[in-house]
Structures are given as C-alpha cells and as structure tokens.
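Asks: below: sequence and its predicted model.
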Amino acid sequence: MRPGFSKAAGSTLESFIMGLVDVAARPGMISFATGLPDNDLFDVEGLKRAADEVLTEDPCGALQYDSSAGYIPLRKRIAERCRRVYGFDATYEDVFMTSGSQVCFDLVSRMMLDPGDAMVVENPGYLGAIQSFSAYSPRFIGADIGPQGVDTCQLASAVSDGAKLFYSIPDHQNPSGYSYSESTRREVADIISGSGCLLLEDDAYGELGYAGRVGRTIKSMAVEDTVMTGSFSKTISPGMRVGWMIVPEWMREQTSRSLEACCLQSATFCQRIIDRFMQDRDYDAYLDGLRRGYAAKKRVFLDAMEDNLPDTVRWNDPDGGMFIWLRTPDGTDATRLFERLIEEGLVVMPGRPFHVRGGENTVRLNFATPSEEGIREGMRILGRVCRELY
Ligand SMILES: Cc1ncc(COP(=O)(O)O)c(C=O)c1O
C-alpha cells in the first residue's frame with residue numbers, strides 16, 4: 001500500500017500550460033502558445049560579463065548562503081525603482097527576493113488563506129497563479145475583466161462579502177493583454193483600502209509597456225493593503241529564477257518567517273549576477289531596447305493576422321507585454337480550433353482554462369516566442385483553419 005497524497009495535493013489544479021510546453025517542443029511544431037520571452041533578446045554577453053565579475057570579485061559571497069530576504073544591494077535597487085518608477089516609497093526591508101514571482105503566490109496564500117476563504121481572481125486570469133492558490137482550497141470568485149480592466153462592481157461586491165485576497169495583473173494582463181484604465185486603478189485602490197481584503201498586484205509585464213508604463217501602480221494608491229510582485233523573468237531571464245515581492249510593513253516579519261520556511265532563500269549567485277548586470281548597464285536604456293524589440297515583434301504578428309485571418313474572428317492590439325487575445329465567433333468553442341491547429345503543426349493556448357466562467361470562444365496568442373518566419377508560417381495555418389471552421 002502507498003501513502004495517500006494530502007488534501008492540498010488533491011486540490012491543486014492541473015497545469016494545462018506545462019502540458020502545452022511539451023506539445024510545443026515536438027519537432028516541426030510552431031508555437032504561439034507559451035509565455036516564453038524572445039531568445040533573441042537575451043543579453044548573453046552582458047550576463048556572461050556580470051557572472052565573471054561576480055565570481056572574480058567575491059567568489060565566496062556569490063556561492064554562499066545569504067539572508068532569506070535576499071541580497072541587500074539588489075533589494076536596494078528595487079526599492080529605488082519603487083520610488084522612481086512604481087510611484088511609492090519603500091525601503092529594502094520591504095523587498096523580499098524569491099525564486100521567480102510564482103513562489104510569491106504560494107507564499108501569500110500560505111500567509112493569508114485558510115480553506116474555504118473567498119478570494120477574487122480576474123476572469124480570465126493567469127492560470128499559473130490560480131493553480132498555486134488552488135492548493136490552499138480558497139473559494140474562487142471571478143471578477144470579469146475587459147479593455148478597461150476589472151469589473152469594479154463585481155470586485156466591490158466580493159470584497160463586501162468578505163473576500164480576503166484579490167489577485168490582479170493591471171498591466172498587459174496574461175492572458176488577455178488588457179491593461180487597467182487610470183479610473184479603474186483608482187476605484188480598485190478605493191475598494192481595497194482598509195477593507196480587510198489584500199491586493200496581490202502582479203507586475204510581471206509592467207516594465208514591458210512599449211511606450212513606458214501604462215498607468216500608476218495600484219500599490220502606490222493603497223500601499224498598506226497591497227503586496228506587489230515583480231520578476232526578472234520577462235526582462236532578463238526566466239531561467240535565472242529571480243523575482244521579488246514588496247510587502248507592507250505589517251507583513252514583513254511574517255513574510256520573512258514564511259519565506260524561510262518555504263525555500264530558505266532564492267539563489268545568491270543569480271541575484272548577484274542580476275545586480276551586477278543592472279550596475280554595469282544603463283538599465284532603463286536596456287529596458288527601452290527590449291520594449292522596442294517586443295513592439296516590433298507585435299507589429300509583425302499583427303500584420304500577419306491582418307493578412308491571413310478572416311473577419312469572423314477578432315483580436316486586440318495590446319500596448320505592452322507578450323499576448324494577443326483572439327475571439328472566435330460568439331457561440332463557437334475554440335477547443336475545436338486548438339485541436340485542428342495541432343494537426344496542422346501549430347499550437348495555441350485555448351482561453352477557456354483561464355476562466356472561472358465562460359471564455360469558450362477565446363484563444364491566447366504569444367507573439368514574443370516564435371521567430372518572424374514562424375509567425376508568418378503559423379499565421380497562414382491559423383488563417384486557413386479559421387476559414388475552414390468559421
Ligand atoms: C502574469 C504572470 N505572473 C507571474 C508569472 C511567473 O513568472 P516567474 O515565476 O518566472 O517570475 C508569469 C509567468 O509567465 C506570468 O505570466
């Protein structure tokens with residue numbers, strides 16, 4: 001007889017996304033499915049140099065354990081960005097380094113959620129985070145999002161019914177590419193402030209606004225009620241696994257304890273390389289280069305969509321991030337499209353799994369990962385199959 005898995009293991013949702021990474025890796029397959037950054041935009045030489053400097057100047061420091069909250073110079077850099085870019089005051093003691101921002105979802109859940117607690121997620125919302133929350137068995141309440149951001153009436157109603165947590169991606173959301181308008185941000189801050197509901201503001205794509213940041217962070221308007229998470233995954237490298245969370249002062253001590261219990265600390269070496277990389281380069285200019293790269297890639301993708309897709313399907317034109325949200329005609333189920341495309345050698349991400357309700361006729365497309373050649377070939381396939389089905 002084998003031991004049974006825990007209730008937490010049983011309640012953890014399956015990952016549709018990771019399954020698609022394997023499908024996308026099949027030889028000859030073109031992928032618009034996953035959320036990987038563009039290989040061509042990695043600064044390999046810059047990172048090599050930074051790694052070499054780190055190992056030359058303080059090898060033992062780079063290879064040794066560090067405090068669980070992370071490498072202080074890097075935390076100070078992030079605190080400085082809080083003041084200069086994110087619009088609120090923070091000290092390095094508010095910043096906790098983590099192994100990618102995905103860990104933050106688990107940490108915040110373990111600090112804030114008991115089984116059955118209500119939490120609000122965007123509908124559609126980022127599946128990887130929802131999977132992480134699901135291990136803690138919350139009662140999910142979906143608040144719809146559209147081109148202006150979250151439906152604040154639905155949010156306010158859930159908060160007044162006692163929701164403890166709201167997980168939100170105000171900038172270039174995954175999966176939809178939508179960003180919150182200025183008035184939605186203000187309303188969310190007003191709803192959350194002092195309500196007993198913590199906002200978990202995920203800024204994974206905030207630095208990838210093609211014309212700069214698209215709006216004020218909600219944390220800057222509700223500092224005491226918001227945990228903001230960030231990551232170097234989309235800006236420097238996802239493989240280095242360095243993210244962070246910025247917590248209000250009242251959460252510092254608990255965060256420190258929970259982080260230590262969960263993973264001791266995140267990789268000293270990678271944090272130091274990133275710190276050195278940011279010191280060696282003009283990081284703002286570097287980000288501008290990335291933004292230009294992704295904006296150009298999006299243009300190629302949108303042009304190919306216009307050239308190939310029938311007007312029975314619709315899509316948006318995001319102002320940052322990596323995703324375009326495609327809608328097939330009302331009443332259709334995009335699962336059929338997904339299945340037919342795989343037969344033809346193209347993998348896309350159906351939108352339905354990102355929803356707590358609805359979304360059957362939606363598809364998430366990533367324009368960052370495929371090569372320009374892959375985009376053109378993939379779009380010919382997508383156009384052909386869309387015409388066949390719709
Ligand atoms: C919206 C969003 N948040 C968080 C993450 C997790 O990223 P990481 O753990 O690499 O920082 C992702 C990954 O794709 C994401 O899309």
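Replies: Sure thing, it's come through.

Asks: C-alpha only now, for contacts and for neighbours.
Replies: OK.

Asks: tell me where the chain has strands.
Replies: 30-31, 95-98, 118-123, 139-146, 149-150, 165-168, 198-202, 226-231, 243-246, 314-315, 323-327, 346-347, 349-350, 362-366 (DSSP state E).

Asks: dump the ones you listed to a markdown table, plus mean neighbour count, distance to residue 256 and mean pLDDT.
Replies: Compiled in a markdown table, the strands of the chain are given as follows (neighbours: other Cα atoms under 10 Å; distance: least, Cα to Cα, whole Å; pLDDT from 0 to 100):
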| stretch | mean neighbour count | distance to residue 256 | mean pLDDT |
| --- | --- | --- | --- |
| strand 30-31 | 28 | 39 | 94 |
| strand 95-98 | 28 | 8 | 98 |
| strand 118-123 | 24 | 23 | 98 |
| strand 139-146 | 20 | 27 | 97 |
| strand 149-150 | 26 | 31 | 98 |
| strand 165-168 | 24 | 20 | 98 |
| strand 198-202 | 24 | 17 | 98 |
| strand 226-231 | 25 | 14 | 98 |
| strand 243-246 | 26 | 11 | 98 |
| strand 314-315 | 16 | 43 | 98 |
| strand 323-327 | 23 | 34 | 97 |
| strand 346-347 | 26 | 41 | 96 |
| strand 349-350 | 26 | 36 | 94 |
| strand 362-366 | 27 | 35 | 97 |
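
Asks: so which bits of the longest helix anywhere in the chain are buried?
Replies: Using DSSP state H to define each element, the chain has its longest helix at helix 283-308. Using 16 or more other Cα atoms under 10 Å as the test for burial, helix 283-308 gives 287-288, 290-291, 293-295, 297-298, 300-302, 304-305, 308.

Asks: if we check the ligand, which of the residues you listed are in contact?
Replies: Filtering these for proximity to the ligand by Cα under 6 Å from any ligand atom leaves nothing.

Asks: which helix or strand in this structure has the lowest average pLDDT?
Replies: Within the chain, judged by mean pLDDT, DSSP states H and E, the helix or strand with the poorest mean is helix 16-24; its value is a mean of 77.

Asks: identify the residues contacting the closest residue to residue 96 other than its chain neighbours.
Replies: In this structure, residue 96 finds its nearest non-sequential neighbour in residue 69, 4.7 Å apart by Cα to Cα, 6 or more residues apart in numbering. Contacts here follow Cα atoms under 8 Å, 6 or more residues apart in numbering; on that basis residue 69 touches 95, 96, 97, 98, 256, 259, 265.

Asks: same question for residue 46.
Replies: By Cα under 8 Å, 6+ apart, the neighbours of residue 46 are residue 277.

Asks: tell me the predicted confidence for it.
Replies: Here, the pLDDT recorded for residue 46 equals 96.

Asks: roughly how far apart are it and residue 275?
Replies: 12 Å (Cα to Cα, to the nearest Å).

Asks: I figured residue 107 hits residue 260, correct?
Replies: No. Using Cα atoms under 8 Å, residue 107 is not in contact with residue 260, being 10.2 Å away.

Asks: residues from the stretch 51-200 of the chain in reach of the ligand?
Replies: 100, 101, 102, 126, 174.

Asks: make a ChimeraX selection of the buried ones in these.
Replies: The buried residues among these can be selected in ChimeraX (16+ other Cα under 10 Å) with this line:
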select :100,101,102,126,174
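
Asks: give me the subset of the residues of the stretch 51-200 of the chain next to the ligand that lies in helices.
Replies: residue 102.

Asks: now, which of the residues of the stretch 51-200 of the chain next to the ligand sits nearest residue 373?
Replies: residue 174 (24.3 Å; Cα to Cα).

Asks: what's the domain layout of the chain?
Replies: Following automatic domain parsing, the chain resolves into domains at 7-43+285-389, 44-280.

Asks: lowest average confidence across those domains, which one?
Replies: domain 7-43+285-389 (a mean of 93).

Asks: that domain: how far from the chain's middle?
Replies: On the basis of Cα atoms, centre = their mean, to the nearest Å, domain 7-43+285-389 sits 15 Å off its chain's mean C-alpha point.

Asks: endpoint to endpoint, that domain covers what distance?
Replies: End-to-end span of domain 7-43+285-389 (Cα to Cα): 42 Å.
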